[in-house]
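Trainee: Pasting the sequence and the predicted coordinates here, then a few questions.
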Amino acid sequence: MLVTRRGSRREIAALDHVAISVGLRKGMPVSKAQAMIKSLHVSDLDAAGDREAIERLALWALQRFSPLVAADQPDGIVMDIAGADHLHGGEEMVLKKILSQFKAAELSRKAALADTWGQAHALARYHKHPAVLIEPGQGASIIRDLPLPALRLPEATVAALRTLGFETIRDLASAPRATLTLRFGPEIGRRIDQAMGLVGEPIEPVELPEIIEVARPFGEPIGAADTIAKYIRQLVERLVSDLEKKGLGARRLDLLAHRVDNTTVTVRVGTALPIRDTKRLTRLLTDKIEKIDPGFGIEQLRLRAVQAESLDPAQMINSLVDDADQDVAALIDVLSNRMGQGALYRFAPVASDIPERSFQKIPPLSEETIGDWPSKWPRPTRLLPYPEPIETMALLPDHPPVWFTWRGVRRRIKAADGPERIFGEWWKTDFEIAAVRDYFRVEDETGERYWIYRSGDGVDPETGSLKWYLHGVFG
């Protein structure tokens, strides 16, 4: 439990789920809490350290998820992912990745994706579900039933409103605005309008130290796609020049279009390898121009290399020699920025005899891995996501089936090879200490070839269920 001092009184500032379950609450006097629980562990709140931790978390999110990230003190961050969600496979995947990475870091995690900062703030803290994805236009109606603190109002204002009988945002939104403004000032009305999306709330993003960035302000706002493309190329040329001076190549670029209405539209693109090729980087950015809504005009364009890595100067290649690797890298960059970074991958072997554990997905241009799949017994070209049960008739323990039924179709086996015995990995789970599988390659009367196995050695039930499964199909 963390405590802070308010005047001469020490009160609870933060507590864990165990403390909440025994009746402790934020704001409760420490003396009362200690009277309730004699062995209570108490530490002073480090407010400055917490603020610095939130700022570091915002910088981390800036490099991974969004060009616009700000600290949402005292306990969160806010991101505008409109120009970067495609790199992660869409909004839902962004939400899942954020929560999974927070979980891996052992951080308390709740996240919400909504139309406005105010809605996302409220839902992430006061909605019952840890991950909330709101359809466009639905957030304003959903947050109406949340409590007053969800509006980011001062504690004193919330306490005063509760004495007047207000408990939810709905109660406050339906009250006469003039009366509330006269008594509490304009902040209540401003917070309600921000949450409902009636007024804008620009994000003041955190900035990475020593980031490589170029900018182009305009005396007259621009808006035409051709004009935006023209200045994007100029910015890329300047950025590439700066990268070259520092021996770096860009891996992730953010284009920020600052509009005259004090809002910012962003586009983020990534590359499979560090590059400083003006033509390629310009193409990646101009492909996203349709996502840039100029509104009433753009008054400044900023281009920054959020992620850059060392890149040694390359020797010019003879024009008679095809640069196949460069062509593949360019194609991968285009497809990844259209489909998402996780949509393209290749398989690499993993040291495991268990088929479903013997491979992993890696980025398409990763360095070659050491190792290979077993070559003594052929592997199917298509491995099913999960082994599917089949009905069979076979002589135990070492004979293949005479026939099998899979997905409602009965197939008579014309030829078979096996068994290939695979033992369980006992060092991973106790269940696999005695487990074995016997795999067979079989061919039916139509010439189709399948990879099937029996769970167990065919004699001892401790080695498996003795049931049959189809695990793969040969091309």
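Mentor: Okay, I see it.
Trainee: Return the distance of stretch 439-448 from the chain's centre.
Mentor: Here stretch 439-448 is found 42 Å from its chain centre; the criterion is Cα atoms, centre = their mean, to the nearest Å.
Trainee: Now do Ile54 against Met79, distance only.
Mentor: 13 Å (Cβ to Cβ, to the nearest Å). (Each C-beta comes from the backbone N, C-alpha and C, glycine too.)
Trainee: Have a look at those two and say which one is more surrounded.
Mentor: A side-by-side neighbour count of Ile54 and Met79, using other Cβ atoms under 10 Å, places Met79 first with 25 against 19.
Trainee: Which strand residues bridge that one?
Mentor: When assigned by DSSP bridges, Met79 has beta-bridge partners Val69.
Trainee: from memory it sits against Asp72, does it?
Mentor: No. When contacts are counted by Cβ atoms under 8 Å, Met79 is not listed as touching Asp72 (9.4 Å).
Trainee: Share the number of residues neighbouring Thr179, please.
Mentor: Neighbour count of Thr179, defined by other Cβ under 10 Å: 9.
Trainee: what about it, is that helix, strand or coil?
Mentor: helix (DSSP: H, G, I helix; E, B strand; the rest coil).
Trainee: again, but for the one 10 residues further on
Mentor: Recorded secondary structure, Gly189: helix (three-state DSSP).
Trainee: which one is Pro378 nearest to, not counting chain neighbours?
Mentor: Arg441 (6.9 Å; Cβ to Cβ, 6 or more residues apart in numbering).
Trainee: how far away is the one you found from Phe218?
Mentor: Taken as Cβ to Cβ, the span from Arg441 to Phe218 is 67 Å.
Trainee: what packs against the host helix or strand of Ala348?
Mentor: Using DSSP states H and E, Ala348 maps to strand 346-349. Taking 3 or more Cβ pairs under 8 Å, 6 or more residues apart in numbering; DSSP states H and E as contact, the helices and strands that strand 346-349 lies on are strand 359-362.
Trainee: for whichever helix or strand comes after the strand it packs on, packing partners?
Mentor: Downstream of strand 359-362, the next assigned helix or strand under DSSP H and E is strand 382-394. In terms of contacts (3+ Cβ pairs under 8 Å, 6+ apart), strand 382-394 is packed against strand 401-406, strand 449-455, strand 468-473.
Trainee: which SSE is the residue most central in space within the chain in?
Mentor: For the chain, the residue nearest the mean C-alpha position is Lys97 (2.7 Å; Cα atoms, centre = their mean). Using DSSP H and E, Lys97 sits in helix 91-104.
Trainee: Which parts of the stretch 151-300 of the chain are strands?
Mentor: Assigned by DSSP state E, counting those that start in this stretch, the stretch 151-300 of the chain shows strands spanning 212-222, 248-259, 264-275, 298-310.
Trainee: Note down every partner strand of the second one and its orientation.
Mentor: The one in question is strand 248-259. strand 264-275 (antiparallel), strand 298-310 (antiparallel).
Trainee: could those go into CSV alongside mean neighbour count, mean pLDDT and distance to Pro147?
Mentor: Output for the strands paired with strand 248-259, formatted as CSV (neighbours: other Cβ atoms under 10 Å; pLDDT from 0 to 100; distance: least, Cβ to Cβ, whole Å):
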stretch, mean neighbour count, mean pLDDT, distance to Pro147
strand 264-275, 21, 89, 31
strand 298-310, 19, 92, 37
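Trainee: show me the contacts for the residue nearest to Pro378.
Mentor: Contact partners of Arg441, counting by Cβ atoms under 8 Å, 6 or more residues apart in numbering, are Pro378, Ala416, Asp417, Gly418, Arg449, Tyr450, Trp451, Phe474.
Trainee: give me the element the second one is part of.
Mentor: Think Ala416. Short version, using DSSP H and E: Ala416 is in strand 409-423.
Trainee: how is this structure carved up into domains?
Mentor: As given by automatic domain parsing, the domain ranges for the chain are 2-45, 65-196, 212-324, 382-473.
Trainee: sorry, back to before: got the angle for the strand or helix carrying the residue nearest to Pro378 vs strand 468-473?
Mentor: Arg441 is part of strand 436-444 when elements are defined by DSSP H and E. Counting by axes from the mean of the first three to the mean of the last three Cα atoms, to 10 degrees, strand 436-444 lies at 60 degrees to strand 468-473.
Trainee: Report the buried residues of stretch 402-418.
Mentor: Going by neighbour count (16 or more other Cβ atoms under 10 Å), the buried part of stretch 402-418 is Trp403, Phe404, Trp406, Arg411, Ile413, Ala416, Gly418.
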